[in-house]
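Novice: Provided below for reference: sequence and predicted model.
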Amino acid sequence: MSKTPYQLTLPDEIVSELHLKHNQPLNLTLRNGQLIIQQTNNPNERQTLSLRHFLIPSMVMAIIFTIYTVEEKMFRIPLGGDNSIASAVIMLSEISGIFMFLLIYFQQQRQQIDKLRRKTSWRVLPALTVAFAIILAFVTSGFFWAINYLFQTASFDLFTSIALFTMFNGIINFLMIYSALSISTLFITSIFVMTIIGGVLTAMVTNSSRMWWQYNLSFLGTDNALDSWQFNATLILAGLIWLALVDYLFVPLQKILRHNRRLITLRILLNLSALSLAGVGLFPNNAGRLHILHDQMANFLIYFILIMMLGNRWLLPNAPREFEATSYIICAILVTSMILFQWVGYLSLTTFEIVAFVLALSWILLLFQNIYRLYYHTYQTFVVPIS
């Protein structure tokens, strides 16, 4: 069967951005009805690199774990509790996991072609590092709490303990390497959603016996709540991820739309909203000065989001009509809920806070989606002829 040759004419912007050369081979992949063109690479080299990078630190951590247990003459090691497999995995995997995350992240950025994107990646690195360090600590602590609850009083001999430690540490290192390789706008958005929803739901479940809903949502971060630091840390962490996400969204967009006052204003409002969210967690709703600061941060967050909702048509260039209509509807529901709570007394404070939280989070995600669409669909999508 003969093959008919076809040619694609690539725009100069793509050739310049990717530093393509004449007659350079490219990979064409047909995926879900879409044609994807990528520069050639060697998947086997990447796999070998990944294996080497998560196995070597696992062996190093296993040696440290072995030396410690032998020095302490711990030849029967419990699964959970102090001086256990769980505590060793949580502590040593935090070190090795973050180290591997930074190492792979540095390697990825050195290979980054786009200078502006590389600069952005370095700027958001502190926020991402803190965020992933806290997420790793949360996830490993929660996982081993559940494991210890299922296998209470379980203990193992030294060799089995070393094998279990190495396995868990290897999995964590691999996941942190995968996270560093997967950093993108969509990935950070997913982490943001999972962090804020997972953290808030966990705090609700933890304090269900204290009937937090009879007070307000902010009760989860007060001294009267169980593990209130987790709820507050969730809000601070979500604020940090939000800041990193705003940078990832706006830097490539403002590269094209330079000195666009509408986008600059929107970016400032989003950053102020992220700082306000972090401030709600930083200042718990305890008595005294903290209560005043907490309320101020919460009010600022509501005001900034309402301003963005009402001004979405002016702030976001080429905003779809559906997004404009949705923004006004959500804004109207929020204002109505506020009236029903504050002046009519129909809604309780807890109900109002939950409604406002769900609606505001949903709208923010819609806004992120439309900013992403504005760049990739409007300015990064090209029509090319086939000849």
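Specialist: Ah, there it is.

Novice: The helix or strand where W363 lies packs against which elements?
Specialist: Of the helices and strands defined by DSSP states H and E, W363 is found in helix 349-373. Under the contact criterion of 3 or more C-beta pairs under 8 Å, 6 or more residues apart in numbering; DSSP states H and E, helix 349-373 touches helix 185-206, helix 228-256, helix 289-310, helix 321-339. Every residue, glycine included, has its C-beta placed from N, CA and C.

Novice: which of the ones you listed is buried the deepest?
Specialist: Among the helices and strands packed on helix 349-373, ranked by average contacts under mean count of other C-beta atoms under 10 Å, first place goes to helix 228-256 (a mean of 21).

Novice: mean confidence score for it?
Specialist: Mean pLDDT, helix 228-256: 86.

Novice: any low-confidence regions in the stretch 101-250 of the chain?
Specialist: In the predicted model of the stretch 101-250 of the chain, residues 113-114, 116 satisfy pLDDT under 70.

Novice: hmm, 80 instead?
Specialist: Residue ranges of the stretch 101-250 of the chain with pLDDT under 80: 111-120, 208-210, 213, 216, 227.

Novice: The stretch 251-387 of the chain now?
Specialist: In the stretch 251-387 of the chain, residues with pLDDT under 80: 251-259, 374-387.

Novice: In this protein, where's the longest helix?
Specialist: In the chain, taking DSSP state H as the definition, the longest helix is helix 115-150.

Novice: Can you give me the buried ones in it?
Specialist: 120-121, 124-125, 127-128, 130-138, 140, 144, 147-148 (16 or more other C-beta atoms under 10 Å).

Novice: do the same with stretch 83-92
Specialist: Applying 16+ other C-beta under 10 Å to stretch 83-92 flags 84-86, 88-90, 92 as buried.

Novice: Now, these that are in helices?
Specialist: Using DSSP H, the buried residues of stretch 83-92 in helices are 85-86, 88-90, 92.

Novice: and of these, the nearest to Y303?
Specialist: Comparing those against Y303 with C-beta to C-beta places I90 closest, at 39.8 Å.

Novice: Would you confirm that the closest one contacts F138?
Specialist: No. Between I90 and F138 there is no contact under C-beta atoms under 8 Å: 10.4 Å.

Novice: got a markdown table for the helices and strands packed on helix 349-373, with distance to W363 too?
Specialist: Listed next are these as a markdown table, based on distance: least, C-beta to C-beta, whole Å:
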| stretch | distance to W363 |
| --- | --- |
| helix 185-206 | 13 |
| helix 228-256 | 14 |
| helix 289-310 | 6 |
| helix 321-339 | 5 |
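
Novice: Tell me the secondary structure of H259, please.
Specialist: At H259 the chain is in coil, as set by DSSP: H, G, I helix; E, B strand; the rest coil.

Novice: For F151, see how far away it is.
Specialist: Distance from H259 to F151, counting by C-beta to C-beta, to the nearest Å: 60 Å.

Novice: Specify which residue of these two has the higher count of neighbours.
Specialist: F151 (12 against 7; other C-beta atoms under 10 Å).

Novice: Tell me the buried residues in the one helix or strand M167 maps to?
Specialist: Secondary structure assignment for M167, by DSSP H and E: helix 158-181. Neighbour counts over helix 158-181 (16+ other C-beta under 10 Å) mark 161-162, 164-166, 168-170, 172-177, 179-181 as buried.

Novice: do the same with stretch 90-105
Specialist: Quick answer for stretch 90-105 (16+ other C-beta under 10 Å): 90, 92-94, 96-98, 100-102, 104-105.

Novice: Make TSV from these and add secondary structure and distance to N312 to it.
Specialist: TSV is the format used below for the buried residues of stretch 90-105 (DSSP: H, G, I helix; E, B strand; the rest coil; distance: C-beta to C-beta, whole Å):
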residue	secondary structure	distance to N312
I90	helix	43
L92	helix	47
S93	helix	43
E94	helix	41
S96	helix	44
G97	helix	39
I98	helix	38
M100	helix	40
F101	helix	35
L102	helix	37
I104	helix	37
Y105	helix	34
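
Novice: Just give me the closest of those to D157.
Specialist: The closest of the buried residues of stretch 90-105, once distances to D157 are taken by C-beta to C-beta, is L92, at 19.6 Å.

Novice: leaving aside the residues next to it on the chain, what's closest to that closest one?
Specialist: M61 (4.7 Å; C-beta to C-beta, 6 or more residues apart in numbering).

Novice: what does L243 give?
Specialist: A274 (4.7 Å).

Novice: Would you mind confirming that the one you found makes contact with I236?
Specialist: No. Counting by C-beta under 8 Å, A274 sits too far from I236 to count as a contact (10.5 Å).

Novice: With only the CA atoms kept, save stretch 77-93 in CSV.
Specialist: Written as CSV, here are the backbone C-alpha positions of stretch 77-93 (Å, rounded to 0.1, in the frame of the first residue of the first chain):
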residue,chain,number,x,y,z
ILE,A,77,10.2,-3.0,65.8
PRO,A,78,6.5,-2.0,66.1
LEU,A,79,4.6,-0.9,63.1
GLY,A,80,3.2,2.3,64.7
GLY,A,81,3.9,4.6,67.6
ASP,A,82,7.2,6.1,68.8
ASN,A,83,10.5,4.5,67.5
SER,A,84,8.5,2.5,64.9
ILE,A,85,8.5,1.8,61.2
ALA,A,86,5.9,4.4,60.7
SER,A,87,7.8,7.2,62.5
ALA,A,88,11.0,6.3,60.6
VAL,A,89,9.2,6.4,57.2
ILE,A,90,7.5,9.7,58.0
MET,A,91,10.7,11.4,59.1
LEU,A,92,13.2,9.9,56.7
SER,A,93,10.9,9.9,53.7
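
Novice: Now do it, average pLDDT.
Specialist: 90.
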